[in-house]
Every structure is written in C-alpha cells, then in structure tokens.
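Undergrad: Build the 3D model from these lines:
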Amino acid sequence: PGRAVRPHASVTASLGSVSMHPLLAACSELPLIDLAVGDTLLSEGQDRTALYVLVSGTLEISVQGGRVAMVSEPGSVIGEIAFLLDIDHGATVTAASPSRLHVVADVDRFLRADTESLLEISRTLALRLNRLTGYLSDVRAQYAGAGGHFELVDEVLAELAFGTEAPATPGSARDPEPPY
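TA: As a prediction, this is how the structure comes out:
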C-alpha cells in the first residue's frame, strides 16, 4: 500500500507574502537557463559540470532509455548525486515542457557557503531513500515466501540502508546482446 510522506517543514520558506522553496531563494542571484521541449540538460555518463535548480517546467529523468521520474516541483535539484558522490551523471534529464533552471556552476563553494541549501538537499535525498526502502519493504511483505528474485529484496534493503560499497553504476553485468 502507498504511504503518505509529509515533507519536512523546511520544504518551503516564506519570503514576505510569497512562499518560495529555500533552494530557489538561495539561487535567486545565479544564472538561469531555458530549455525547450526535448532539450537535454544532462546525459547519462556525462561528466558533472553543474548543479541545477528547477524554477519552472517539467523534466523527464531516464536511465538506460527508460523513464524513471518526472520532476516539476520548483526548487527540485538536478545533478546533486553526481556531485556528492563525485561520479558521472547516472541519468539523462530532458525537458518535457519548456523549463527554466538556475545554474550552480561552483557547487562546492555554493554548498559550503550555504549550509541551509546543503541541509535541504540532504533532506531531499533522505526522503527519496525513505520512499525507496518503504517501497521495497512493501514488495518484500507482498511476496514473502514467493522465492526466486524476490528473495533478494532483503539483501537489497540491507545494502541500501547500511552498505558502504562504492556508488552503483547503472546497468548490468550481463551480456548486453545475449545470443538468444
């Protein structure tokens, strides 16, 4: 069953009579870029170059050609995982509607200078992990005793929650073009 997850109280900050996401407030003086429908912001495997904060529009996130999410919430951060883990981008991000984003070019300096933004990104990542582990817990409960690949859910949950391995690389070790 689905769970309602309430965002932390800091998800929006009040600026006068206008409610604004704290990351949008922190980025208000940073450059903006505009994307047309179909424009690619980031490509899977691309070196990290900047962090982006969504001002408006909708972005499609895909991994290995399959859509995994649509992002339309102003203040959403794009590219944070690559920076925090010092890896290439693990997803392709494409504009699904005309979109505007702030560009954070010097990410290290920005996050060191604005610890509230760093905390907000941490909360967002924790929320995503919480949702993912909740979903996997539900799958485990629904398919308990079913055997097969579902028996791996416990291992996946343990690795997500407490694993210390190097960051995962999207993809599979299987032959990409099997002979069958």
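Undergrad: how far away is Asp88 from Thr49?
TA: 11 Å (C-beta to C-beta, to the nearest Å). (C-beta placed from N, C-alpha, C; glycine too.)
Undergrad: what ranges do the helices span in this protein?
TA: 22-26, 80-85, 107-113, 115-142, 153-162 (DSSP state H).
Undergrad: Mean neighbour count, the ones you listed: which tops it?
TA: Of all these, helix 22-26 carries the top mean neighbour count, a mean of 20, counting by mean count of other C-beta atoms under 10 Å.
Undergrad: sorry, back to before: out of the helices of the chain, which gets nearest to Ala69?
TA: helix 115-142 (9.7 Å; C-beta to C-beta).
Undergrad: Could I get the CA-only coordinates of stretch 23-30 as PDB?
TA: Listed next in PDB are the C-alpha coordinates belonging to stretch 23-30 (Å, rounded to 0.1, in the frame of the first residue of the first chain):
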ATOM      1  CA  LEU A  23      16.800  26.500  -2.800                       C
ATOM      2  CA  LEU A  24      15.100  28.900  -5.100                       C
ATOM      3  CA  ALA A  25      15.700  31.700  -2.600                       C
ATOM      4  CA  ALA A  26      19.400  30.700  -2.300                       C
ATOM      5  CA  CYS A  27      19.800  30.600  -6.100                       C
ATOM      6  CA  SER A  28      18.000  33.900  -6.900                       C
ATOM      7  CA  GLU A  29      21.200  35.700  -8.000                       C
ATOM      8  CA  LEU A  30      22.500  32.700 -10.000                       C
END
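Undergrad: Tell me which of the helices of the chain sits nearest to Gly65.
TA: Once the helices of the chain are compared by C-beta to C-beta, helix 80-85 is nearest, at 18.9 Å.
Undergrad: Next, the contact list for the nearest residue to Asp86 once chain neighbours are set aside, please.
TA: Closest residue in space to Asp86, ignoring its immediate chain neighbours: Arg48 at 7.9 Å, by C-beta to C-beta, 6 or more residues apart in numbering. Residues in contact with Arg48 (C-beta atoms under 8 Å, 6 or more residues apart in numbering) are Gly79, Ala82, Phe83, Asp86, Ile87, Asp88, His89.
Undergrad: ok so, going back, make JSON lines out of the helices of the chain and add mean pLDDT and distance to Thr94.
TA: Below are these laid out as JSON lines (pLDDT from 0 to 100; distance: least, C-beta to C-beta, whole Å):
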{"stretch": "helix 22-26", "mean pLDDT": "90", "distance to Thr94": "21"}
{"stretch": "helix 80-85", "mean pLDDT": "90", "distance to Thr94": "16"}
{"stretch": "helix 107-113", "mean pLDDT": "92", "distance to Thr94": "21"}
{"stretch": "helix 115-142", "mean pLDDT": "86", "distance to Thr94": "20"}
{"stretch": "helix 153-162", "mean pLDDT": "70", "distance to Thr94": "27"}
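Undergrad: No more questions from me, cheers.
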